[in-house]
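# Would you be able to build a 3D model of this:
(2 chains)
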Amino acid sequence: MYTRELINKISFNVIQGRVEAEDEGFDEGLEGQPAVTELVHMALEKGVDPKAIVIDGLTKAMELVGEKFERGEYLIPDMLASAECVSAAMDIMGSHLVHAGVKSKGKFVIATVAGDLHDIGKNIVSIMLKGSGYEVVDLGSDVPTEKIVTSVKEQQAPYLGLSALLTSTMWVMEEVINKLKKEGLYGNVKVLIGGAPISQSFADKIGAYAYCRNAFEAIEILKGETR
Amino acid sequence: MEEHYRKGAIVKPYERLSMDQIRWLDQASMEILSEPGIWSMNERAAKLFKSYGARVWEEKEENSFCWRVSLPSGLVREAIGHAPSRIVLGARKAENRLLLEADVPRVYFGSGSEANIWLETEIEEYVSTTDESYKIMAPRFRELRGNSQLLSRAAKLCEYLEHLDFFIRPLNIQDPEITPENHDVNKFFASLNNITKHVQAGLTNLEKLKDVVRMAEIIAGGSETLRENPIISFITCVFKSPLQLVDDTAEKVFAIVNSGLPLVISSSPQGGSTAPIQEAGMVAQINAEILAGIVLTQLIRPGAPVLYGSVPVRARLDNLHDLYGCPEFNQYNIDCVQLARFYKIPCYSTAGVGDASLPGMQATFEKLFTHLYVAMSGAQYIHYAFGLLNRTNTFCPLQAVLDNEHIGMIKECLRQPKVGPSLVEDVPKLVKKVMSSPHRLYARHIRKALHAGEVSSPYRFETSGLNDRVLENALDYMTRLEGKLSPYLDNATVERIYREVPGLLPGLKNVAQ
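Down below sits the predicted model:
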């Protein structure tokens, strides 16, 4: 298989949302055919430039997926499937990308705050960000404030995402921000917050950088930052 | 003809009555039919009953005369045993045919009644008198007298309501040109020219049956083809409750049965006035009335296709009007569905009438409350289900669109479980796969079902924010449906009908386009 053909196939399978050969796609009859995982391995074995895989195979495909979502042709599960494809491809290419000089769009530490076990929204944001080219450090749910701040410090992350679903736990976000201030990290990290009880006024009140209603808003806000 | 039918929803029937209770009600109905029996205003029916062993005697009162008929249970049981358990109701489009089987709880929903009023809806902007910046869109309603053009419009709209399985004319046509002589042909033509689903109506004038049947024969492609694919059928309310067999309707039953087309024997007693209000009394009486009507059809012609038509309602006790959105309505109707199943006759049942006069919260509650319960019972043919308000006096097309949406959800809700060995076998594999993934989310793995249409959609007319825009959204949707082309009959067929069937209004040929 030629380089161009391989990259096109990777792109096609990202749009179809097929991580592995056994996955079904958006269209019928694709099960069993090589998917993103198998194709990326093949591409690397054939010496295809990882930069070309990222730019022509993954990024462009995700842009098309975004357009399909905008048109209502794709729903959230389709978007997530495609984002997982990109995420899987990036994991496989890890060291190759470093050698090829491909940089991530930035480190993004993300967590659901202490006392809160809800993680669906946080996971969706995590998958979508990874699929958009960010290096995501997902700390999980019910994460102690101390651990979040330590991670930001160790990773030297420019972005922190905090999630909470409960009115009782949303105030922990303020604790995290106060701790960041105390540690002298507040000026270096932009804190994005989200969750059902969160609002713009709450974000303003606790000193968060931005309130994001969903994963797409988070990506849009970050686009402005990394442009 | 190949066997194509509308899918319907095959449900697991919810049964209120135990088999003992069914037998007690059956026995009570048999006793009623024997003593006091029925009051027949029709001589031919009385004589026919007598010729098969019923005890019949003349009864004169000061201002009336009738034949009293005492039906022995043996005669009743033998006659209803001839009624077919499987009935096909045809349609212009083969895939719109309906298969009614007494022992299969396959539920179909359709329109019904013959309302005098058409309720038109317009959406207007309203401004707060205390804050001019606050504006809302709200409906404004207008009542129109039913006419043939509006009936054509109703038929066309119902063609595009995907969850409406059959069409009973929901509107009485009251054009100045309509007379008792041309009412039937225009009613049927306005319907048949604008919908490809099964069409059913009552017969206003017995003399016009042959014209209506001729029209249907032309559309179906001949006399024999019509009997194989009966694109029309008839409703006969042959009993005036309590227990009085109506003279002219009985004659219609003779004629329709002899035409070979399907008919409904329908009875609609009102609990509290023309029947007992208590469940046992109401159900025993309506069952007796329906059985007597079905016996008549089977004595006229054994094997005649007939539906067990139950329309039991309850009286409001403040004004003795019908009351539809109440628990007793569901109880009466579900009991009748079970009795029809007991007699192995497909059931024409009733649900979805709003006591409310306007679309809104009350109407939605009343409709959903009865649609869901009666569908759960496994009634094969649920009429009155679309657009009826103000009891059955108003047909509102916007309401029909709203009803279509929740009937679709009910069908999906009650469908058979999708649980089988191959489906279950895949479950542990999927769980294992997801649990070994970083975020343990199933979202990616639901896409096959999603794109195969196996995952239901959110409410079609949902609204966001603090303004309720459901009616506005539904009206937009209705406008889009009404913008589609009418499924007209082809020109040659229409011309032939106009040549051979007298009395058709010239303007009806192309009204709903």
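
# From now on I want contacts and neighbour counts done on CA atoms only, so please keep to that.
Will do.

# just checking, what's the longest helix in chain A?
Ranked by residue count, the top helix of chain A under DSSP state H comes out as helix A:76-100.

# Residue numbers of chain B in contact with chain A?
For chain B, the contact set with chain A under Cα under 8 Å from any Cα of the partner chain comprises B:His439, B:Leu441, B:Ala443, B:Arg444, B:His445, B:Ile446, B:Arg447, B:Lys448, B:His451.

# Just the closest of these to B:Ala94, please.
B:His451 (26.8 Å; Cα to Cα).

# which ones are touching the closest residue to that closest one other than its chain neighbours?
Of all residues not flanking B:His451 in the chain, A:Phe26 sits nearest, at 7.4 Å (Cα to Cα, 6 or more residues apart in numbering or on different chains). Contact analysis of A:Phe26 by Cα atoms under 8 Å, 6 or more residues apart in numbering or on different chains lists A:Gln16, A:Gly17, A:Asp78, B:Arg447, B:Lys448, B:His451.

# Can you give me every residue that contacts B:Ile277?
B:Gln270, B:Gly271, B:Arg314, B:Ala315.

# Which parts of chain A are strands?
A:107-112, A:135-138, A:159-163, A:190-194, A:210-211 (DSSP state E).

# Any chance you could list what contacts the longest helix of chain A?
With Cα under 8 Å, 6+ apart as the test, helix A:76-100 has contacts from A:13-19, A:26, A:36-37, A:40-41, A:44, A:49-51, A:58, A:62, A:65-66, A:69, A:103, A:124, A:127-128, A:130-132, B:443-447.

# If we use 7 Å, what do you get?
Outside of helix A:76-100, the residues that reach it under the criterion Cα atoms under 7 Å, 6 or more residues apart in numbering or on different chains are A:14-19, A:36-37, A:40, A:50-51, A:58, A:65, A:127-128, A:130-131, B:443-444, B:447.

# ends of stretch A:14-21, how far apart?
Terminal residues of stretch A:14-21 are spaced 12 Å apart (Cα to Cα, to the nearest Å).

# Does at least one residue of it sit close to chain B?
No. On the criterion Cα under 7 Å from any Cα of the partner chain, stretch A:14-21 is out of touch with chain B, staying 7.9 Å away.

# partner residues bridging B:Ser310?
Going by DSSP bridges, B:Ser310 is paired in beta bridges with B:Ser267.

# residue contacts, it?
Neighbour list for B:Ser310: B:Ser266, B:Ser267, B:Ser268, B:Asn333, B:Cys336, B:Tyr348, B:Ser349 [criterion: Cα under 7 Å, 6+ apart].

# And it, how far from B:Ser266?
Going from B:Ser310 to B:Ser266 by Cα to Cα gives 6 Å.

# still on that earlier bit, can you tell which of the strands of chain A is closest to chain B?
Counting by Cα to the nearest Cα, chain B lies closest to strand A:135-138 out of the strands of chain A; the figure is 9.4 Å.

# for the closest one, packing partners?
If you count contacts as 3 or more Cα pairs under 7 Å, 6 or more residues apart in numbering or on different chains; DSSP states H and E, strand A:135-138 packs onto strand A:107-112, helix A:120-131.

# in the chain, which helix or strand is least confident?
By default, I'm working from chain A. helix A:215-226 (a mean of 85; mean pLDDT, DSSP states H and E).

# actually chain B
helix B:447-451 (a mean of 83).

# got the buried residues for that helix?
Buried residues in helix B:447-451, counted by 16 or more other Cα atoms under 10 Å in any protein chain shown: B:Arg447, B:Lys448, B:Leu450.

# So what touches it?
A:Glu24, A:Pro77, A:Asp78, B:Val455.

# Swap in 10 Å and give it another go.
A:17, A:23-28, A:74-78, A:81, B:453-457 (Cα atoms under 10 Å, 6 or more residues apart in numbering or on different chains).

# Outline the domain layout of chain A.
Domain assignment for chain A by automatic domain parsing gives A:3-100, A:107-226.

# what's the span of the first one, first residue to last?
Okay, so that is domain A:3-100. End-to-end distance (Cα to Cα), domain A:3-100: 17 Å.

# Centroid-nearest residue for the chain?
Using chain A. What sits nearest the mean C-alpha location of chain A, by Cα atoms, centre = their mean, is A:Leu129, with 1.8 Å.

# oops, chain B please
Nearest residue to the geometric centre of chain B (Cα atoms, centre = their mean): B:His383, 1.6 Å.

# Got phi/psi on it?
Per-residue torsions, B:His383: phi -100, psi 170 (degrees, to the nearest 10).

# wait, it sits on B:Phe166?
Yes. Under the criterion of Cα atoms under 10 Å, B:His383 makes contact with B:Phe166 at 8.5 Å.

# what residues do those two have in common as contacts?
Both B:His383 and B:Phe166 are contacted by B:Tyr108, B:Phe109, B:Gly110, B:Ser111, B:Gly112, under the criterion Cα under 10 Å, 6+ apart.

# what does stretch B:500-508 contact?
So stretch B:500-508 is contacted by B:148-149, B:152, B:175, B:177-179, B:181-187, B:189-190, B:193, B:208, B:210-215, B:218, B:495, B:497-498 (Cα under 10 Å, 6+ apart).
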